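S.K.: just the structure for this:
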Amino acid sequence: MKDKFYQYIQNLQDQITSKLESIDGQATFQEDLWTRPEGGGGRTRVIENGNVFEKGGVNISGVHGKLPKSMQAYFKVGDVDFFACGLSLVLHPKNPMVPTVHANWRYFEMYDKTGDIIDSWFGGGQDLTPYYLFDEDAVHFHQTCKTACDNHNPEFYPNYKKRCDEYFYNAHRNEGRGIGGLFFDYCKATDDMTMENWYDFVTEVSDSFLEAYAPLVERRKDLPYNTAQRDWQEIRRGRYVEFNLVHDKGTLFGLKTNGRIESILMSLPPHVQWVYDHHPEPGSEEEKLIKILQQPKKWI
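M.R.: Numbers count the residues shown, from 1 in each chain. Presented below is the predicted three-dimensional model:
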């Protein structure tokens, strides 16, 4: 399974970066190949200073070796080996009318001393972080997620949408990072779902990513915006940074397993503001967004 999924994410990275370069029309992805001393490595691709994308990354990795003691405590296991692979992406558009997006799809195995698999699972999801709220964009993103889920189980979308709202939440701000999407983890073999079934589900969700996001970029990338709207975008980006550094488990895992720091922190936007005690004007489009972030909405 690990070889099959790693080959899949290599191909998916090619598909996504090719489409994004086409949308941007100017910038291209810079590629870095890296290795991890303890085992494995990855392929980082970053785009910067484009017509559409101010900064973004679409990264794959496959790492293995001894599970660090800090992670042994987290997973409640002893001295075991592990393998983890996945694709992670974050895109920060230049125009504040275009939403930031994040996605990650991953596979994990743990082994005993004889090399036998003692546990394995899939995880991942995709979520949208707008700066200005267009209801039709939110509906499109969520409908695409739901369609992919419904082909496997009608309970997946409502369950994983709820988990996304709960996970991508800045508790110290009492607001969501964005308007959600899907979040699933520890997807293991059961009587109802084999690992092949989970592979089919995760790959269908990840295959749907461009369908979910690209139309939103095309629709909004040429809209006019002013300095105040750009400032708002940078203030909201600060909330994004806060989540990634304070709460995100993927960031923690990368740091705890001696991952490549440039790849781990490529998710951070290049221009950010922290304005003291900032509040949007009552009745404004900015306040409209905040109200949704404070009370997650059923979009479909």
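S.K.: so what secondary structure elements neighbour the helix or strand containing His140?
M.R.: Assigned by DSSP states H and E, His140 falls within helix 135-150. For helix 135-150, the packing partners by 3 or more C-beta pairs under 8 Å, 6 or more residues apart in numbering; DSSP states H and E come out as strand 117-129, helix 156-167, strand 180-187, helix 195-207, helix 209-220. Bear in mind the C-beta positions are built from the backbone N, C-alpha and C, glycine included.
S.K.: distance between the fourth one and the chain's centre?
M.R.: Using C-alpha atoms, centre = their mean, to the nearest Å, the mean C-alpha position of helix 195-207 is found 16 Å from that of the whole chain.
S.K.: repeat that for the second one.
M.R.: Distance, stretch centre to chain centre, for helix 156-167: 14 Å (C-alpha atoms, centre = their mean).
S.K.: after that helix comes which helix or strand?
M.R.: strand 169-170.
S.K.: please list the residues outside the helix or strand just after that next one that contact it.
M.R.: Downstream of strand 169-170, the first helix or strand assigned by DSSP H and E is strand 175-176. With C-beta atoms under 8 Å, 6 or more residues apart in numbering as the test, strand 175-176 has contacts from 165, 168-170, 239, 290, 293-294, 296.
S.K.: sheet partners, orientation included, of strand 175-176?
M.R.: For strand 175-176, the paired strands and their directions (DSSP bridges) read strand 169-170 (antiparallel).
S.K.: mean confidence score for the lengthiest helix in the chain?
M.R.: In terms of residue count, the longest helix belonging to the chain (DSSP state H) is helix 2-24. Per-residue pLDDT values across helix 2-24 average out to 98.
S.K.: report the buried residues of it.
M.R.: The neighbour-count check on helix 2-24 (16 or more other C-beta atoms under 10 Å) flags 2, 5-6, 8-9, 12-13, 16-17, 20-21, 23-24 as buried.
S.K.: between the residues you listed, which sits nearest Ser206?
M.R.: Leu12 (6.0 Å; C-beta to C-beta).
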